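> With the sequence up front, the predicted model follows.
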Amino acid sequence: MSHIDLRSDTVTSPTPAMRRAMYEAEVGDDVYGEDRLVNELQSRVADMLGKEAGLYVPSGTMSNQLAIRSQTQPGDEVICEYNSHIFNYEGGGPALLSGVQLHPILADHGILTKQHFSGVIRPKDHHYAQTRLIALENTHNRAGGVVYPLPVIEEVAEFASSQNLRMHLDGARLMNAVIASGLDPSAYADHFNSVSLCLSKGLGAPVGSVLVGDSEFIDRAHRFRKIFGGGMRQIGILAAAGLYALDHHIERLAEDHHHAKVLAETCRDLGYLENDIAWTQTNIVLLRFPEGNTQQMEHQFKAAGLLVSVVNDHSIRLVTHLDFDKAQLVRTIEILKRVLG
Ligand SMILES: Cc1ncc(COP(=O)(O)O)c(C=O)c1O
């Protein structure tokens, strides 16, 4: 029997219906702006998030990096959370591609509140880097898929505006937050100058993210996308997958969240859930191994038929997704009980 793969929600394969949409897609040259489905996807996501314009890009990493490059100058500073994707998993991109320094701040469950910014913004003095941008992550991946509370975002945005700072949202899993909270996507996006949404995570497309913002910002990002090598040609076949995902794979995220909750309950009962179960809010479950033996546990899970992701010496992550069904849930619970019980 094949392994159950809970390493990430990026491991999904396009469904037969999504593949059909890709197969049937008409295409044009998107570098000339002539791919109708790319244009449709960009405006669909921009409309959904209440922004003027959108830009289709190959990955969430490129989307975040374009947002930083387009809203800063070399020598500026970007504030983000210590466990954010931008700080940990994007290869030092902000230094390499934008010449900016990151100012990471550690926050409980990845949630930066207004209080975290007290005394953090650099004075306007030649000794200092200029603080230019605040980047938040919703849901927060490494914190375990935590949903950013909207009132906290509102407070941070108000503060940012009072300091003339721009706001970027790494919304790789924003739709998970939307489904978990019941809020409109634009309720979150309204507080940010730029938002990145991934189609290749919970939404199940094979590739792609859309970056949105006002037209001037997207125009700048478009130029940098070309410079970063992200101008693609007949990609209507990919945009078709993204459009299909928006039509068919948003509401079903509730199922992933339910599966994650059931797994979290099992891990809690076995004594291995990292946080209180209230923090399992979307599709990510964090397990805690106080002895620091996560590599060994990863091997044990694999031998039992389950692929997991090692976050660090003490944490293992399970992520539910489109290709994880009820039968696999039952098998996973059995494996967890066998390995951890
Ligand atoms: C929160 C977050 N942002 C950005 C990314 C980057 O996306 P990609 O793998 O498409 O570059 C990820 C990937 O898992 C992520 O979890």
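Noted; the coordinates are in hand. Numbers count the residues shown, from 1 in each chain.

> how much space between the closest residue to the ligand within the stretch 151-300 of the chain and Arg338?
Residue nearest to the ligand within the stretch 151-300 of the chain: Ala172 (3.4 Å; CB to the nearest ligand atom). Every C-beta, even on glycine, is put in place using the N, C-alpha and C of the backbone. Distance, Ala172 to Arg338, using CB to CB, to the nearest Å: 32 Å.

> for Tyr89, same thing?
Tyr89 is 31 Å from Arg338, where distance means CB to CB.

> For the stretch 1-150 of the chain, which residues are neighbours of the ligand?
Within the stretch 1-150 of the chain, the residues that sit near the ligand (CB under 6 Å from any ligand atom) are Ser59, Gly60, Thr61, Asn64, His85, Glu137, Asn141.

> let's see 8 Å
Applying CB under 8 Å from any ligand atom, we find that the stretch 1-150 of the chain lies next to the ligand at 8, 10, 58-64, 84-86, 89-90, 137, 139-141.

> Report the contact partners of the residue lying closest to Ala245 once chain neighbours are set aside.
Leaving aside its sequence neighbours, Ala245 sits nearest to Leu203 (CB to CB, 6 or more residues apart in numbering; 4.0 Å). Neighbouring residues of Leu203 by CB atoms under 8 Å, 6 or more residues apart in numbering: Met175, Gly242, Ala245, Leu246, His249, Ile250, Leu253.

> centre of the chain versus the helix or strand the fourth one falls within, how much separation?
Mapping Leu246 onto the secondary structure by DSSP states H and E places it in helix 236-248. Taking CA atoms, centre = their mean, to the nearest Å, one finds the center of helix 236-248 at 18 Å from the center of the full chain.

> how near is Ala189 to Ala67?
From Ala189 over to Ala67 (counting by CB to CB), the distance is 13 Å.

> Looking at the two, which one has more neighbours?
The residue with more neighbours, out of Ala189 and Ala67, is Ala67; 31 against 25, by other CB atoms under 10 Å.

> gap between that one and Glu154?
Taken as CB to CB, the span from Ala67 to Glu154 is 20 Å.

> check contacts around the closest residue to Tyr89 other than its chain neighbours.
Spatial nearest neighbour of Tyr89, excluding adjacent residues (CB to CB, 6+ apart): Thr61 at 7.8 Å. If a contact means CB under 8 Å, 6+ apart, then Thr61 has Tyr89, Glu90, Gly91, Gly93 as its contacts.

> cool, Ser43 as well?
Taking CB under 8 Å, 6+ apart, one finds Ala53, Gly54 in contact with Ser43.

> swap in the one 5 residues further on?
When the contact criterion is CB under 8 Å, 6+ apart, the partners of Met48 are Pro185, Ser186, Leu246.

> Make a markdown table out of the residues you listed and add neighbour count.
As requested, the contacts of Met48 are exported to a markdown table (neighbours: other CB atoms under 10 Å):
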| residue | neighbour count |
| --- | --- |
| Pro185 | 20 |
| Ser186 | 15 |
| Leu246 | 18 |
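
> May I see these organised as a markdown table, with distance to Arg166 and pLDDT added?
A markdown table is the format used below for the contacts of Met48 (distance: CB to CB, whole Å; pLDDT from 0 to 100):
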| residue | distance to Arg166 | pLDDT |
| --- | --- | --- |
| Pro185 | 20 | 98 |
| Ser186 | 18 | 98 |
| Leu246 | 26 | 98 |
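
> Tell me, how many residues neighbour the residue in the chain positioned nearest to the ligand?
Relative to the ligand, the nearest point of the chain is Gly60 (2.5 Å; CB to the nearest ligand atom). Residues lying near Gly60 (other CB under 10 Å) number 26.

> Surely it is in contact with Ser209?
Yes: here Gly60 reaches Ser209: they are 4.7 Å apart, a contact under CB atoms under 8 Å.

> Going by neighbour count, list what's buried in the helix ranked longest in the chain.
Using DSSP state H, we find that the single longest helix of the chain is helix 253-270. Buried residues in helix 253-270, defined by neighbour count with 16 or more other CB atoms under 10 Å: 253, 255-257, 259-264, 266-268.

> for stretch 276-289, same thing?
By 16+ other CB under 10 Å, the buried positions in stretch 276-289 come out as Trp279, Thr280, Gln281, Thr282, Asn283, Ile284, Val285, Leu286, Leu287, Phe289.

> Check what pLDDT Met1 gets.
Met1 carries a pLDDT value of 71.

> Tell me where the stretch 201-341 of the chain has strands.
Secondary structure of the stretch 201-341 of the chain, counting by DSSP state E, counting those that start in this stretch: strands at 209-213, 284-288, 306-307, 309-310, 315-319.

> which of those strands sits most buried?
strand 209-213 (a mean of 29; mean count of other CB atoms under 10 Å).

> Give the rounded mean pLDDT of that strand.
Averaging pLDDT along strand 209-213 gives 99.
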